Structures are given as structure tokens and as C-alpha cells.
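Asks: coordinates only, no sequence provided:
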């Protein structure tokens, strides 16, 4: 089973990319996570300049292919101005076009997030879940807020707080279960 991880941060030393890497080490047996790192190459969405699937910029085609072949998607997002970072929202907008048959339709998805503040990007996680749902993804109704991210990671790259680490494992198991047992249509 393949999970595609996408960090909503463009920063080289992003806490959210670290969170995805921690998730990769905590997946159930038989599940692999690949971190997609092309967010910085996605152009701004412009419906007038959209040639349609199969004719888009290489970065967009790569993203669509990666989402299509993945069994599930895991988004780790920071919070910018109490919402979704623009680059992540832009990528989701591209993925939603055309809405019918988009690569996220019916795809199990989960959202986690880390921030240096106390709340662990909870608003951005809620907004990202809302956007993914609107696109048609099958989004888990839970999140994982990792606050004070500067101090949240252990030396081995995992989460220092055992309760947070256990919550991450539970969320990942639930995501794997959503792939194994899709919700009834």
C-alpha cells in the first residue's frame, strides 16, 4: 500500500516535512510513504491558461500521476494567517480540475500539521480537510496538531511526546484501514 505525503511548507527545514518523515517510520506493516517534494514548482492556477489534463506543466502532471498511483494521501500543513498556505491551496485547486474524475476523488486522505505555536496548525488542518472533502477525497475526521514544533521532535526524528507519537500511529493505521476497507458508496 502506497501513501503519498505532501508538505504544505516550502521551507527547506520544514517542521511539516519532518512530521511526514516521522510518519513514514510509523506506518503499519506493508505501507510505504513517499514524500512528494514538488510543491515549489506548481504554477499559480489560472483557468484561462489551463490546457487540461495531459497537457499541463510537467510539475502538475507529476503531481497528478503521484496522487493517482497512491492508495492514500497524507498532507502535513503549517498554518499561515489561520488558514491553508497559498502554495498548498493552489496545488489542491489544480488537482480539483476538472472536478469529475480528479485524482483525489474517492481517495482516502488525512491531514496533520505542525507549527511553532501552541495549537499545531489546527485551523489550517480543518481548512485543508474542508478543501479535500470539497474536491471529493474521503477525508479522515481527525487531525494531529503538533504544537511547539521547534521542540516536538526527538533526536531520532520521531515525535518526542509519547502520546503524540501514539496518536500519529493511530491516525496512520486508520488511514491504512480506509484504503483496505473503503467506505460504502
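Replies: Good, I have the coordinates. Since the model is a prediction, treat every value here as computed from it, not as a measurement.
Asks: which pLDDT does the model give residue 75?
Replies: In this prediction, residue 75 carries a pLDDT score of 98.
Asks: I figured it hits residue 109, correct?
Replies: Yes - at 6.9 Å, residue 75 and residue 109 qualify as touching, with contact defined as Cβ atoms under 8 Å. The way it works is simple: take the backbone N, C-alpha and C, and place the C-beta from them, glycine included.
Asks: overlap in contacts of these two?
Replies: Here residue 75 and residue 109 have residue 132 as joint contacts, going by Cβ atoms under 8 Å, 6 or more residues apart in numbering.
Asks: tell me if I'm right that residue 31 and residue 174 touch.
Replies: No - applying Cβ under 8 Å as the test, residue 31 and residue 174 come out as separate, 11.8 Å apart.
Asks: ok, these two, which is more surrounded?
Replies: Set residue 31 next to residue 174 and count neighbours by other Cβ atoms under 10 Å: residue 31 wins out with 19 against 15.
Asks: the residue nearest to residue 122 when sequence neighbours are not counted: neighbouring residues, count only.
Replies: Of all residues not flanking residue 122 in the chain, residue 145 sits nearest, at 4.8 Å (Cβ to Cβ, 6 or more residues apart in numbering). Residue 145: 20 surrounding residues under other Cβ under 10 Å.
Asks: any chance of the backbone angles for residue 145?
Replies: As for residue 145, its main-chain torsions (degrees, to the nearest 10) stand at phi -80, psi 120.
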